[in-house]
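# Predicted structure and sequence below. I'll ask about it afterward.
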Amino acid sequence: MEMPRPSNEHRRLEMLAGDWEGNERMYPSQWDPTGGIAVGRTKSRMALGGFALITDYEQERDGTVTFSGHGFYTYDAKTKLYSLCWLDSTGSPPEVFRGDFTGDVLMLSHGAPPMHVRLTWDLTQPGCMASKMEMSEDGVAWNKLFDAEYRRT
């Protein structure tokens, strides 16, 4: 029996692979009442025979790591959606985001009232990854938690 091979959709995740670093603008929220600037670093690699992207993230402020997370992305051919399973230093249960690419922009979301979350990665500019996280109580009115621009290191 021939082993399965990653699809073109799985290979699209390679765009996110690598080491990234950049400034993040945090907007005031219940988690960060004053907002401010942070430095974000992501190390991501393709794994599991090309079927998944594994990522590790750290946010630093004033020389101290203040937040970290770990996740893996994959593609589900049955639903035709990408997913991200995410764990982080807040100690909350794993979160699963789902969504798709539009061109070179990946948008994933999850949630239901009282909190919807959507993440966007814009890879339209070579060597650059613009990103943002938005939150909404009702899934209609969205507020930014952060936006960022990362460069490959």
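Sure, I can see it.
# Show me how far stretch 30-37 is from its chain's centre.
How far stretch 30-37 lies from its chain's middle: 19 Å, per C-alpha atoms, centre = their mean, to the nearest Å.
# can you check stretch 127-140 too?
Relative to the centre of its chain, stretch 127-140 is centred 9 Å away, using C-alpha atoms, centre = their mean.
# Now do it: everything it contacts.
Outside stretch 127-140, the residues that touch it by C-beta atoms under 8 Å, 6 or more residues apart in numbering are 16, 20, 22, 29, 111-123, 142-152. Backbone N, C-alpha and C define where each C-beta goes, glycine included.
# how about the helices in this protein?
If DSSP state H is used as the criterion, the helices of the chain fall at 8-12.
# And the strands in it?
Assigned by DSSP state E, the strands in the chain fall at 18-26, 36-47, 52-61, 64-76, 81-88, 95-102, 105-112, 115-122, 128-136, 143-152.
# wait, which of the ones you listed is closest to R12?
strand 95-102 (6.0 Å; C-beta to C-beta).
# List the buried residues of the closest one.
Neighbour counts over strand 95-102 (16 or more other C-beta atoms under 10 Å) mark F97, G99, F101 as buried.
# So which of these is the closest to G69?
Among the buried residues of strand 95-102, F97 lies closest to G69 (C-beta to C-beta), at 12.0 Å.
# If we ignore the residues flanking it in sequence, what's nearest that closest one?
L108 (3.7 Å; C-beta to C-beta, 6 or more residues apart in numbering).
# need the buried residues of strand 95-102 in CSV with pLDDT and distance to T74, can you?
Shown next, in CSV, are the buried residues of strand 95-102 (pLDDT from 0 to 100; distance: C-beta to C-beta, whole Å):
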residue, pLDDT, distance to T74
F97, 97, 12
G99, 98, 13
F101, 98, 14
